[in-house]
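Asker: Below: sequence and its predicted model.
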Amino acid sequence: FIHALALLGLASRRLYTEIPGVRIAAGLFVLGTVFFSGSLYLLAMTDVLGIGALGAVIGPLTPIGGVMFVIGWSIIFFGAFRSEPVY
């Protein structure tokens, strides 16, 4: 939920300032959501979907998505200090 709000904030903030790396951060948020939430969903549904054998492959995707979130937040945090107002 917080990452979705961050994506909305990035989209609206882009209109007023140029934060370095905003596109990269937004892409990392989207990929992080797919990897993190998607892998958790698939892990929870392995028995229902009949993909129990893929659990060993799907499981490692969760922390990869988390790392993408952390990198995206870092880009926003450090980029905010370097942004220039656009008028």
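Answerer: Looks like it came in fine.
Asker: Mind naming the longest helix for the chain?
Answerer: Counting by DSSP state H, the longest helix found in the chain is helix 22-44.
Asker: Show residues contacting that one.
Answerer: Here helix 22-44 makes contact (CB atoms under 8 Å, 6 or more residues apart in numbering) with 3-4, 6-7, 10-11, 13-14, 19, 49, 51, 54-55, 58-59, 61-62, 64-69, 71-73, 75-76, 79. For glycine as for every other residue, the C-beta is placed from the backbone atoms N, C-alpha and C.
Asker: contacts for the helix or strand that that helix is followed by?
Answerer: Next along the chain after helix 22-44, taking DSSP states H and E as the criterion, comes helix 46-49. Identification of contacts with helix 46-49 by CB under 8 Å, 6+ apart yields 42, 52, 54-55, 58.
Asker: Just give me how far stretch 37-51 sits from the chain centre.
Answerer: Centroid displacement of stretch 37-51 relative to its chain, using CA atoms, centre = their mean, to the nearest Å, is 20 Å.
Asker: what's the burial count for Asp47?
Answerer: Neighbour count of Asp47, defined by other CB atoms under 10 Å: 9.
Asker: What distance do you get for it to Ile2?
Answerer: 30 Å (CB to CB, to the nearest Å).
Asker: Can you tell me the element Ile75 falls in?
Answerer: helix 61-80.
Asker: which stretches of the protein have low pLDDT?
Answerer: Where the chain drops to pLDDT under 70, the residues are 1, 10-20, 80, 82-87.
Asker: The residue most central in space within the chain and Ala44, how far apart?
Answerer: By CA atoms, centre = their mean, the chain has its centre lying nearest to Phe29, at 2.0 Å. For Phe29, the distance to Ala44 equals 22 Å [CB to CB].
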